[in-house]
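Novice: dropping a prediction and its sequence here:
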Amino acid sequence: MKRLVIIEDGDEYAEFARVFLGDLEIEATHSAADARAVLRERGADALLIDLRFDRAPADALVGDIAATAARLFGGDGARALRYLQDEQGTLILAELRAAGFAQPALFVHDFAPRRLANLRRLYGDVDAVPALDAAAIRRALARST
Amino acid sequence: MTRRQVAALVHDVGKYVARTARNLPPSPTREMVDMLVRDLYDLRPGQHASVVFAQLAAFADAPPLDDVHALFAEIDRLEAEVRAGAPDAVMRAALLARDIEARLRALAEVA
């Protein structure tokens, strides 16, 4: 049975996967640290990653708000926090790749083709489907695993 | 309407309102119906998807959103029957939810 590790700030992906991707072994995680620990201990065949983490506590996010504010937003911490929330899935993937985890990663998001190409250039095996569509997710996972 | 506001509509409402709807088989299990009920009537704790949508869409009165409001109104009218698992209501609500997702995605494409 293939093992899918989900990284999200809620429970919607995991609940969906348990009902509609029942032939996969599913493990849910909620932060980069959580995912790293699970991957180290039990591994995975693929990752399903949410992009926006607007419900996660700020201190659980990858990225430093003050540093991001200074670097990108003229010191505006609120904008920096929104940016880190909006991009959290890719920031988590970057951290996992840096830690040596190269599993295929799948996002449920409508990335523009150029953006997806850039993510692939940076992080290797990355794919995206536009919706929580079990058949499309299965096809994407079959392509990459 | 900023790109971020549209993205919030697509991500926070469109994707999740159709989470179960777009995967329902012709004879859904009770577990699937319960998931659909959560997507439509408890999208955020204690909040119907229509309410979440109305809050996020409050910034805009673009004509396409009127259609989405109407679709949500029909979903809300079906609530009792969907909760009871009435097959026709479940399938109708799922169809409406998929329509909402498609309309919100189309909105994002032109934003």
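Specialist: Yep, that arrived.
Novice: need the pLDDT of the closest residue to A:K2 other than its chain neighbours.
Specialist: Beyond its immediate neighbours in the sequence, the residue positioned closest to A:K2 (CB to CB, 6 or more residues apart in numbering or on different chains) is A:D45, lying 4.5 Å away. Every C-beta, even on glycine, is put in place using the N, C-alpha and C of the backbone. On the pLDDT scale, A:D45 is placed at 96.
Novice: where does chain B have its least confident helix or strand?
Specialist: Here the helix or strand of chain B ranked lowest by mean pLDDT, DSSP states H and E is helix B:3-8, holding a mean of 77.
Novice: ok, the residue most central in space within chain B - contacts?
Specialist: Geometric centre of chain B, nearest residue: B:V17, 3.7 Å, by CA atoms, centre = their mean. When contacts are counted by CB atoms under 8 Å, 6 or more residues apart in numbering or on different chains, B:V17 is found next to B:D39, B:L40, B:L43, B:A49, B:F53, B:A97, B:I100, B:E101.
Novice: and chain A, which of those reach it?
Specialist: On the criterion CB under 8 Å from any CB of the partner chain, B:E101 are the entries of these that sit beside chain A.
Novice: got the residues of chain B near chain A?
Specialist: B:4, B:7, B:10-12, B:15-16, B:18-20, B:22-23, B:31-32, B:35, B:101, B:105, B:108.
Novice: any idea which residue is closest to the centre of chain A?
Specialist: For chain A, the residue lying nearest the average C-alpha position, counting by CA atoms, centre = their mean, turns out to be A:I49 (2.7 Å).
Novice: for that residue, which residues are in contact?
Specialist: Under the criterion of CB under 8 Å, 6+ apart, the contact partners of A:I49 comprise A:I6, A:I7, A:E8, A:G89, A:I92, A:L93, A:A105, A:L106, A:F107.
Novice: format those residues as JSON lines; extra columns: pLDDT and distance to chain B.
Specialist: Formatted as JSON lines, these follow (pLDDT from 0 to 100; distance: CB to the nearest CB, whole Å):
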{"residue": "A:I6", "pLDDT": "98", "distance to chain B": "13"}
{"residue": "A:I7", "pLDDT": "98", "distance to chain B": "16"}
{"residue": "A:E8", "pLDDT": "96", "distance to chain B": "11"}
{"residue": "A:G89", "pLDDT": "97", "distance to chain B": "11"}
{"residue": "A:I92", "pLDDT": "98", "distance to chain B": "16"}
{"residue": "A:L93", "pLDDT": "98", "distance to chain B": "17"}
{"residue": "A:A105", "pLDDT": "97", "distance to chain B": "18"}
{"residue": "A:L106", "pLDDT": "97", "distance to chain B": "14"}
{"residue": "A:F107", "pLDDT": "97", "distance to chain B": "11"}
